[in-house]
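Novice: This is the structure alone, sequence omitted:
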């Protein structure tokens, strides 16, 4: 009877240790996913900012070029502004599915990568 009681006590300790390990694993996994998302966001912000500046200077240059060829610089800026208005409405109409697909693909890669590693860890035990 004492052996059964010892086994039950060890079972309780083992299950508590298992739960503590499981909680620590999920905290670490959440930290990893958060850091990956943060790095991707900062990368996007940095590349997007540089790209935006490049885009801005090219647009201003094209506006001056078009304006000088038409005789008034203001016409160049109006033409470029009209082009960007058209581009804006086209992106509103057609870009949403493309952006959703890219974001979902990225997030599913992050989640599936960590799930595959978790399965590898549990299959090795």
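Specialist: Happy to help now that I have it. Here the structure is a predicted model, which is why all the values come from computation and not from measurement. Numbering: from 1, shown residues only.

Novice: what residues does stretch 76-90 touch?
Specialist: Taking C-beta atoms under 8 Å, 6 or more residues apart in numbering as the criterion, the residues outside stretch 76-90 that touch it are 59, 62-70. No exception for glycine: its C-beta is placed from N, CA and C like everyone else's.

Novice: Can you tell me which of those are buried?
Specialist: Buried residues within those, counting neighbours by 16 or more other C-beta atoms under 10 Å: 63, 66-67.

Novice: Just the helices from the chain, written as ranges.
Specialist: Counting by DSSP state H, the segments of the chain that form helices are 2-70, 73-124.

Novice: Could you tell me the angle between the longest one and helix 73-124?
Specialist: Interaxial angle, helix 2-70 versus helix 73-124 (axes from the mean of the first three to the mean of the last three C-alpha atoms, to 10 degrees): 160 degrees.

Novice: Who are the packing partners of helix 2-70?
Specialist: Contacts of helix 2-70 with other secondary structure elements, assessed using 3 or more C-beta pairs under 8 Å, 6 or more residues apart in numbering; DSSP states H and E, are made with helix 73-124.

Novice: Now do the helix it packs on: distance to the chain's middle.
Specialist: 9 Å (C-alpha atoms, centre = their mean, to the nearest Å).

Novice: Which of the helices of the chain has the lowest mean pLDDT?
Specialist: Across the helices of the chain, helix 73-124 has the smallest mean pLDDT, namely a mean of 81.

Novice: which among the buried ones among the contacts of stretch 76-90 gets closest to residue 46?
Specialist: residue 63 (26.3 Å; C-beta to C-beta).
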